[in-house]
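Novice: let's see this in three dimensions:
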Amino acid sequence: MKDIQNQRDHRNIPIDKVGIKNLRYPITVRDRRDGYQHTVASINMYVALPHKYKGTHMSRFVEMLHLIQPEVSLEKFSAILDQMKTHLNAASAHIEITFPYFIEKKAPISSSAGLMDYTCRIVGTSHTDDKVDLISEVIVPISSVCPCSKEISEFGAHNQRGEVRLSTRFKKFIWMEDMIELVEESASCDVYSVLKRVDEKCVTEKGFKNPKFVEDIVRDIAEKLNKDENITWFSVSAENFESIHNHSAFAHITSGEPANTYSL
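Specialist: As a prediction, this is how the structure comes out:
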């Protein structure tokens, strides 16, 4: 049958990224406590399209996902990126996998257990020189108490739930759990799925003893990451969904080398 995609395009314009977006696919990811856990990902896959080709073969992206089934690991990322470049005649390839990640978390006093879900993302790019760049990202819910409100008020202070987005490049493998714990330790208090009354008292008082601006949160995270020799680059942002304003408070820090090749 006639292959339209491989026909010559005469506009002489290359395309940076072409492929598929928002493909839902079952995956298995590494779990620090249990070894593995099953989840469902939203996947984006792209390749660079040379100027001479009219289009790419979209169906091949889905076919190649079987290379990483059933496990998503950093090693599998390198393999599928290489296969994308080979099968699609591309100089570079890019993949993004976003998925909910569940961690059992116990309440601080009663030890009542519940599952917390965190949005995680792994981004991989294989460049024209065949070097592979990998980024791990977590989105972590937090709570914060306003230091200014606490200082100026006769009693109480406004507090709110927020969200921290942390992305890292690294020399060697880093657990998603380690990134999540780093964020939670840097907030006024972390968030739980199950809290009894004794736990609610505990987290409320902990937050009020530890008030933080969004500036404090990103600086505390950045300070810890700057001391970690395994981290070559990071991007961290904090957004507070303000309880007394009709807007969010936001802070962002980026630090380190712009790209890194992951060491298996």
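Novice: what's the neighbour count on the nearest residue to Ile68 once chain neighbours are set aside?
Specialist: Spatial nearest neighbour of Ile68, excluding adjacent residues (Cβ to Cβ, 6 or more residues apart in numbering): Lys76 at 4.3 Å. Glycine gets a C-beta too; all of them are placed from N, C-alpha and C. Using other Cβ atoms under 10 Å, Lys76 has 15 neighbouring residues.
Novice: need the pLDDT of Lys76.
Specialist: On pLDDT, Lys76 comes in at 82.
Novice: helix, strand, or coil at it?
Specialist: Secondary structure, DSSP: H, G, I helix; E, B strand; the rest coil: Lys76 is helix.
Novice: where does Glu184 land on pLDDT?
Specialist: At Glu184, pLDDT is 98.
Novice: the one 4 residues further on too?
Specialist: The score at Ser188 is 98. That number is its pLDDT.
Novice: which residues touch it?
Specialist: Ile142, Ser143, Ser144, Val145, Asn159, Lys206, Gly207, Asn210, Pro211, Lys212 (Cβ atoms under 8 Å, 6 or more residues apart in numbering).
Novice: what's the answer for Thr125, then?
Specialist: Contacts of Thr125 by Cβ under 8 Å, 6+ apart are Leu81, Ser92, Ala93, His94, Ile95, Val132, Asp133.
Novice: and with 10 Å instead?
Specialist: Listed by Cβ atoms under 10 Å, 6 or more residues apart in numbering, the contact set of Thr125 reads 46, 77, 81, 92-96, 131-135, 259.
Novice: next one: Gln160
Specialist: 142-146, 188, 240-245, 248-249.
Novice: so it, which of the three states?
Specialist: Criterion first, three-state DSSP; result for Gln160: strand.
Novice: next one: it from Val145, what distance?
Specialist: From Gln160 over to Val145 the distance is 8 Å, taken as Cβ to Cβ, to the nearest Å.
Novice: same question for Pro100.
Specialist: 28 Å.
Novice: between these two, which is the more surrounded one?
Specialist: Higher neighbour count among Pro100 and Val145: Val145, with 23 against 12, using other Cβ under 10 Å.
Novice: look up how far Phe213 lies from that one.
Specialist: 10 Å.
Novice: sorry, back to before: just the contacts of Ser188: which are in helices?
Specialist: Lys206, Gly207 (DSSP state H).
Novice: most neighbours of all the contacts of Ser188, which one?
Specialist: Ser144 (27 neighbours).
Novice: give me the neighbour count for Arg197.
Specialist: 9.
Novice: report pLDDT for it.
Specialist: 97.
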